[in-house]
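Give me the fold of what follows.
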Amino acid sequence: MSKDKHSKAVDRTLLRRLYFFIKPYRYWVLLAIVLTLSASYLGTIRPKLTQLAVDDYIAKDDFGGLWWIIGLLSAALVGEFILLVFNTYITRWFGQNSLYSLRNAVFKKIQSLNVQYFDKNPIGRLITRTTSDIEALSELLSNGVVAIIGDMFRIIFILYFMFSMSWELSLVTIAVLPLLFYATFWFKAKVRVSFLKVRDQISKVNSFVQEHINGMDVVQLFNREETQMEKFKKINAGHREAYVETIFYFAIFWPFVEITASLAMALIVWYGGGRALMGGVSFGVLLAFIQYARQFFQPIRGLSEKFNTLQSALASSERIFNVLDTDTRVVQTSNPKSIEYPRGKIEFENVWFKYNEGEDYVLKDVSFIAEPGEDIAIVGATGAGKTTIINLLFRFYDIDKGSIKLDGIDIRDLTLDELRSHFGLVLQDNALFSGSILENVTLGHPDISREEVIKAAHKVEAYRFIDKLPGGYDFVLKERGASLSMGQRQLICFVRALVYNPEILILDEATSSVDSETEALVNEASTVMMEGRTSIVVAHRLSTIQHADTILVMHKGEIRESGTHHELILQDKGIYKKLYELQYKDQVAAE
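Coordinates of the predicted model:
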């Protein structure tokens, strides 16, 4: 298949898929088309009425009939205005509703994608897909298709009236069309590529800005503003050059259309004027043809503009559907099981896992059991595989070999909703959103009351600082909870985990980013939350896990040691003992 045929096939596929989102409003679309065709007809009948006025009434001094024609012209103008008003409102209405559905579909898809997708795709690129890429479809879905049909029929109506009056002048008028068709096809080929470049550059700009706004404290701390500014200038220059390229093609195409229209007008005046002087055509017909020539190129210009809109929309829709077509990779079973009596038992059996094909295994033959109510701690050097165990437990990724069971059932036999409903999670990086503290705790869950939130806050001592905030639980947090301290944000995450009342609690480096005083509060909160629950604690600070029932020591993706703190500290040349001595060398030396 040639490149051009492939491009056309892709375009047809994209348009069919876009139709899915406008299909619920198809009857409104049909109404809009009827209104557009009616308005197009009324617009093209006016030159014909002008010809009748000149040849049948003015030339014969029939002023009574002239007033009748003037009345018809006025009615056509008013009717066209009314039809266009209704048509504009209807097309914008169903267009925005279609965009609403499409934007919801994209955001829903993004929420369903696995963690690995976000590892490989910058956040700024996904923001572009849900904002500017979808907005680029606004004109196409709102008015584009209907307007294209309207412009095409306007051309047909014009040609009908022209040929009904003079086929010779009609042929003279359309003699310039081959030039225009050639220019249009050239313009189409060039602009499609240019718009793809523009959309790609917009994604790069958004990704760079998003990343550097999030990391602005690091940029300023290391005085790298000028360096990052130079990088941004290069990316921004790429966007400018891509956009200027599209402007270049428009700068050639639009003047060419205007010159072609003027050439057609000149041919009509030259040929039609001569024929009128010789009596071959009437002055009314010549006047009507001059008006039709002006009207004839208006829808052609309109089609060119709509083609511009179409190319921009197709470039954006191709990227949008790439997101919608992304395989989530975590496949849910078609015959799910359920846990009737949740207890919180976790079993890893000979688990092997690697993030990407061709890479080394991150986990190698990992096996352990966490009994209901047991406190399991996982320690090890950075990159040992601690957090990977948590990610696999939530099925953020699927294992390559082995099995992971929850209460005796393989987690792949559970729906994701059921699986994750049994867990509470507190991360090192606090996941807070813009909104009130109450909204951040409940996450919009309708069954969690304010009283339950307050009760949970008292259990973990978070109420002490919440009650002092303006509005208390209705205090509105800034982005990522920036108005609170690190420890306060962490305690809110504890309240959130507790209020959902999970059977299993996961603490992943929950105290690594807080000071010693806050660590004491967090540890107290952790102790309260762990009561009666299976707990898995990933920690760097060994002081936080010394009372764990079992400590698993990870090294290069394997469990090298396991036991209680006292058992492990007694092992000569043990990995845990070395970690302990490194963290508490002063204390060990004093002993």
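
Test for you: state the pLDDT assigned to the spatially most central residue of the chain.
In the chain, the C-alpha nearest the mean C-alpha coordinate belongs to residue 130, at 2.5 Å (Cα atoms, centre = their mean). On pLDDT, residue 130 comes in at 81.

now swap in residue 278 and tell me
If you check residue 278, the pLDDT there is 72.

helices or strands up against the lengthiest helix in the chain?
Ranked by residue count, the top helix of the chain under DSSP state H comes out as helix 63-112. Applying 3 or more Cβ pairs under 8 Å, 6 or more residues apart in numbering; DSSP states H and E, one finds that helix 63-112 contacts helix 3-22, helix 26-52, helix 123-130, helix 132-135, helix 138-139, helix 145-165, helix 283-324. Every residue, glycine included, has its C-beta placed from N, CA and C.

Tell me which other helices or strands the helix or strand following it touches.
Going down the chain from helix 63-112, the next helix or strand is helix 115-120, by DSSP states H and E. Identification of packing neighbours for helix 115-120 by 3+ Cβ pairs under 8 Å, 6+ apart yields no helix or strand.

neighbouring contacts of stretch 234-247?
For stretch 234-247, contacts defined as Cβ atoms under 8 Å, 6 or more residues apart in numbering pick out 191, 194-195, 197-198, 200-202, 204-205, 208.

Which one, of the helices and strands packed on helix 63-112, ends up nearest to residue 113?
The closest of the helices and strands packed on helix 63-112 to residue 113 is helix 283-324. By Cβ to Cβ, the value is 8.3 Å.

so what's residue 388 up against?
Residues in contact with residue 388 (Cβ under 8 Å, 6+ apart) are 353, 362-363, 397.

repeat that for 7 Å
Contacts for residue 388 (Cβ atoms under 7 Å, 6 or more residues apart in numbering) come out as 353, 362-363.

likewise residue 256?
Residues near residue 256 by Cβ under 7 Å, 6+ apart: residue 183.

any idea which element it lies in?
Secondary structure from DSSP H and E places residue 256 in helix 225-267.

and the angle for that helix with helix 283-324?
Helix 225-267 runs at 150 degrees relative to helix 283-324, counting by axes from the mean of the first three to the mean of the last three Cα atoms, to 10 degrees.

Now do helix 225-267, average pLDDT.
Regarding helix 225-267, the rounded mean pLDDT is 83.

Kindly report the same for stretch 386-399.
The average pLDDT within stretch 386-399 is 89.

Name the next helix or strand downstream of the helix holding residue 256, please.
Assignment by DSSP H and E places the next element after helix 225-267 at helix 273-277.

Between the contacts of residue 388, which sits nearest residue 409?
Checking those against residue 409 with Cβ to Cβ, the nearest one is residue 353 at 19.6 Å.

I'd like to know which of the helices and strands packed on helix 63-112 is closest to residue 462.
Distance to residue 462, taken as Cβ to Cβ, is lowest for helix 123-130 among those, at 29.0 Å.

mind checking how far that closest one is from the chain centre?
Remark: helix 123-130 is offset 5 Å from the chain centroid, using Cα atoms, centre = their mean, to the nearest Å.

packing partners for it?
Here helix 123-130 touches helix 63-112, helix 177-214, helix 283-324, going by 3 or more Cβ pairs under 7 Å, 6 or more residues apart in numbering; DSSP states H and E.

Highest mean neighbour count across the ones you listed, which stretch is it?
Stretch with highest mean neighbour count among these: helix 283-324 (a mean of 20; mean count of other Cβ atoms under 10 Å).

mind showing which ranges of the stretch 251-400 of the chain have poor pLDDT?
Along the stretch 251-400 of the chain, the model assigns pLDDT under 70 to residues 279-280, 308, 328-329.

sorry, that was for the stretch 451-591 of the chain
Flagging of the stretch 451-591 of the chain using pLDDT under 70 yields the residue ranges 480-481, 510-522, 584-591.

mind listing the strands for it?
Secondary structure of the stretch 451-591 of the chain (DSSP state E, counting those that start in this stretch): strands located at 476-477, 504-508, 534-538, 550-555, 558-563.

Looking at the ones you listed, spot the one closest to residue 582.
Minimum separation from residue 582 across the strands of the stretch 451-591 of the chain (Cβ to Cβ) falls at strand 550-555, 13.5 Å.
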